[in-house]
Every structure is written in C-alpha cells, then in structure tokens.
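# Fold the stuff below for me.
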Amino acid sequence: MKAARKELDLSQEALALETEIDRTYISGIERGLRNPSLTLIVKLATALKTTPAALLNPQKD
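Here you go, the predicted model:
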C-alpha cells in the first residue's frame with residue numbers, strides 16, 4: 001500500500017483526508033500492525049487508483 005501511495009505522491013495525511021481513515025491507522029496498515037476490513041481495503045484501493053487485489057497481493061520485484 002505504501003508503494004501505491006508513494007507512486008501517487010500522497011502523504012499518509014492526504015490519504016487519510018481523502019478516505020476519512022485516521023492517519024495513524026493508515027500508518028499501522030503500512031507497517032503490518034493493523035488488518036483493515038474489506039470495506040476499508042476497497043476505500044483505500046479506490047483512493048490509490050488500484051484494485052483491492054493489488055493491495056492484498058503486492059508484486060515483489
């Protein structure tokens with residue numbers, strides 16, 4: 001998720017404002033400390049212009 005956010009040049013704060021998800025929760029997701037619900041995954045994917053599947057299975061280079 002962090003890579004998708006960085007690709008769009010979004011800060012955690014900007015993503016938080018767009019999705020109405022607390023910035024600290026977004027940080028927790030990115031660090032693997034939080035497990036978002038499917039509803040939040042869809043909301044995040046929409047804001048990040050990607051699919052829920054891409055967020056759940058990021059490609060490792």
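# and the closest residue to L38 other than its chain neighbours, how many residues sit next to it?
The spatial neighbour of L38 that comes closest, neighbours along the chain excluded (CB to CB, 6 or more residues apart in numbering), is P52 at 7.4 Å. Glycine gets a C-beta too; all of them are placed from N, C-alpha and C. Using other CB atoms under 10 Å, P52 has 15 other residues around it.
# For P52, give me its contacts.
Neighbour list for P52: L38, I41, V42, A45 [criterion: CB atoms under 8 Å, 6 or more residues apart in numbering].
# can you redo the residues you listed as TSV with pLDDT?
Below are those laid out as TSV (pLDDT from 0 to 100):
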residue	pLDDT
L38	96
I41	97
V42	98
A45	98
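# Do I have it right that M1 meets L48?
Yes: using CB atoms under 8 Å, M1 is in contact with L48, at 7.1 Å.
# Overlap in contacts, these two.
What both M1 and L48 touch, as defined by CB under 8 Å, 6+ apart, is the set L55.
# How are the helices of the protein distributed by residue range?
Assigned by DSSP state H, the helices in the chain fall at 2-7, 12-19, 23-30, 38-47, 52-56.
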